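>>> Got a predicted structure plus its sequence, pasted below:
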Amino acid sequence: MNCQYLHTSSAVNVGALAKSLAARRVQRPFIVAAVILVGVMLAAPALRAADVITLKNGDRLTGEIKKIQEGFLHLDAEYGDNVFIIEWDQIETMETESSFLVETSDGDRMTGSLSIDEPGTVTVEDDASEAVVEQDTLVWARPFDETFWSRLSFNIDFGASVTKANSTRTGSLGARANYQAEDWQADVLLDSSATLVSTVDPARRTNLNLGWKRLIKSRWFGHLGSSFQQSDEQRLTLRSTLAPGIGRYLTRTNRSYLFVVGGGQWTNEDFQDDGLPRSNSAEAWGAVEYNRFDVGDLSFLFRLTAAPSLTQSGRIRIDAISDVKWDLPRDLYFNIRITDTFDSSPPNEASRNDYTFTTGIGWEL
């Protein structure tokens, strides 16, 4: 609490004092009104109509639905500091007041409030329309408004180790951000590792991938991606690509997804050897990604990308990543990540493969 002290002199000016008291009487209503206004503003989040769900066992919960994702509903309870994670198929009825962005297994997206009046069906309703979808076809839903942060998901993880022999130190950093709009989404994926040994040169490896998807009907999507790769093992200073393409989800549920995507790309490479000039090449490319996230607290991700060269005969590059994530309390997780980069024609007898095995602790927003 802030306190203000009034300092007065020994000679009191009665006229000034009278004017001061009169001014305070005039200002008092405005001060009271200001206090009430501030109180209402601070209480506004608490006055928000609560979402209400009823479970199949009869339990009734109220609070704010943070998201529906990977087969679970996350509810921020209105009492205490608790977030309940509830199996989506165990919800009997539901009523929400907020607007949600929803995606179904057919690839359709819609916005509106959510309700479950009849078991097994979800009604998505806004001011202009109403749609009814099967409960088990709802892939994910999250509150949808105009703020940037409400549409962003993010996770970051770190790993490190120190070995006395040869003063070996290793470190890893991984991060992923995803932004969801009504008919498009953007992704940023970073994977970096370094090994420092006192007796040899350091070995560093970094991959940065940027991706943008424009969603089309029937699970199809347009894709525009760019990647930046560095590898001491393959003597690669920088490889950058620009890769447009088109893809389709072969399966997409609230338990897993599988998609394929492909197209053509332009590749620019700069190697660490001074005798090798910077090179440009055209490549075809194709990728497959599978994610499974209904095995208890575990989730599995696998992605394989192949890029045969169109301008360098016989050359093909392959990138693979496999990730296992174990969810922990308080939005923390433990992960194991394996990556491999293969180049059939590396420069000057550099290694054809550069692989990593890392573990780390992470946090997700």
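That came through, no problem. Numbers count the residues shown, from 1 in each chain.
>>> Please pull out the lowest mean pLDDT helix or strand from the protein.
Least confident helix or strand, the chain: helix 14-47 with a mean of 43, by mean pLDDT, DSSP states H and E.
>>> wait, E70 sits on Y257?
No - contact criterion Cβ atoms under 8 Å: E70 and Y257 do not qualify, at 10.1 Å. Where C-beta positions appear, they are placed from N, C-alpha and C, glycine not excepted.
>>> which residues does the residue nearest the centre of the chain contact?
In the chain, the centroid-proximal residue (Cα atoms, centre = their mean) is S153; its distance is 2.9 Å. Contacts for S153 (Cβ atoms under 8 Å, 6 or more residues apart in numbering) come out as A177, N178, Q180, E364, L365.
>>> Taking the residues you listed, tell me the two that lie furthest apart.
Using Cβ to Cβ, those reach their maximum pairwise distance at Q180 and E364, which is 15.0 Å.
>>> what about these two, which has more around it?
Q180 (18 against 14; other Cβ atoms under 10 Å).
>>> what sits against the spatially closest residue to that one that is not a sequence neighbour?
Spatial nearest neighbour of Q180, excluding adjacent residues (Cβ to Cβ, 6 or more residues apart in numbering): R151 at 5.1 Å. Counting by Cβ under 8 Å, 6+ apart, R151 touches L101, R142, F144, Y179, Q180, A181.
>>> Work out the gap between the host helix or strand of V52 and the centre of the chain.
Using DSSP states H and E, V52 maps to strand 51-55. Centroid separation between strand 51-55 and its chain, computed with Cα atoms, centre = their mean, to the nearest Å, is 26 Å.
>>> G225: neighbour count?
Counted with other Cβ under 10 Å, G225 comes out at 21.
>>> is it in a bridge, and if so with what?
G211, A243 (DSSP bridges).
>>> Could you measure from it over to W363?
Distance of G225 to W363, computed by Cβ to Cβ, to the nearest Å: 26 Å.
>>> Please apply the same query to L298.
17 Å.
>>> ditto for W149
In terms of Cβ to Cβ, W149 sits 16 Å off from W363.
>>> When the two are compared, which one has more neighbours?
Ranked by neighbour count (other Cβ under 10 Å), W149 and W363 place W363 first, with 14 against 8.
>>> Contact partners for the more buried one?
Applying Cβ under 8 Å, 6+ apart, the residues near W363 are N155, I156, D157, D331, L332, Y333.
>>> tell me which residues of stretch 54-74 are tucked away?
L61, G63, E64, I65, K66, I68, Q69, E70, G71, F72, L73, H74 (16 or more other Cβ atoms under 10 Å).
>>> Quick check: which ranges of the protein have low pLDDT?
1-49, 80-81, 145-146, 163-167, 198-200 (pLDDT under 70).
>>> Run through who's touching stretch 267-275.
With contact meaning Cβ under 8 Å, 6+ apart, stretch 267-275 is reached by 232, 235-241, 278-283, 307, 347-348, 350.
>>> Give the buried subset of those as a PyMOL selection command.
Here is the PyMOL command that selects the buried residues among those (16+ other Cβ under 10 Å):
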select buried, resi 232+235+236+239+241+281+283+307+347+350
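>>> Among the contacts of stretch 267-275, which ones are in strands?
Among those, the subset assigned to strands under DSSP state E consists of L236, T237, L238, R239, S240, T241, S279, N280, S281, A282, E283, A307.
>>> which one among these gets closest to G262?
A307 (9.8 Å).
>>> Could I get the contacting residues of the residue lying closest to F228 once chain neighbours are set aside?
Spatially, and ignoring its direct neighbours in sequence, F228 is nearest to L208 (4.5 Å; Cβ to Cβ, 6+ apart). Counting by Cβ under 8 Å, 6+ apart, L208 touches V188, L189, L190, S227, F228, Q229.
>>> what does V288 give?
V288 neighbours (Cβ under 8 Å, 6+ apart): L258, F259, V260, R303, L304.
>>> just H223 next, same as before
Neighbours of H223 in contact, by Cβ under 8 Å, 6+ apart: G211, W212, K213, R214, A243, P244, G245, I246, G247, V261, G263.
>>> Most neighbours out of the residues you listed, which is it?
Ranked by the number of neighbours (other Cβ under 10 Å), the contacts of H223 place A243 first, at 24 neighbours.
>>> doesn't G262 make contact with that one?
No - the pair A243 / G262 is not scored as a contact, 9.3 Å apart, by Cβ under 8 Å.
>>> Now do the shared contacts for those two.
Common neighbours of A243 and G262 (Cβ under 8 Å, 6+ apart) are W285.
>>> Which residue is the nearest non-sequential neighbour of S129?
That would be G112: by Cβ to Cβ, 6+ apart, it lies 7.6 Å from S129.
>>> Around L304, how many other residues sit close by?
With other Cβ under 10 Å as criterion, L304 counts 15.
>>> follow-up on the earlier one: what's the next secondary structure element after the strand holding V52?
Next element after strand 51-55 (DSSP H and E): strand 60-69.
>>> Walk me through the domains of this structure.
51-144, 150-364 (automatic domain parsing).
>>> Could you say which helix or strand holds the residue nearest to the centre of the chain?
Here S153 is assigned to strand 152-163, by DSSP H and E.
>>> Give the buried residues for that strand.
N155, D157, G159.
>>> Am I right that the last one is in contact with F357?
No - when contacts are counted by Cβ under 8 Å, G159 is not listed as touching F357 (10.2 Å).
>>> tell me how far the ends of stretch 91-101 are from each other?
19 Å (Cα to Cα, to the nearest Å).
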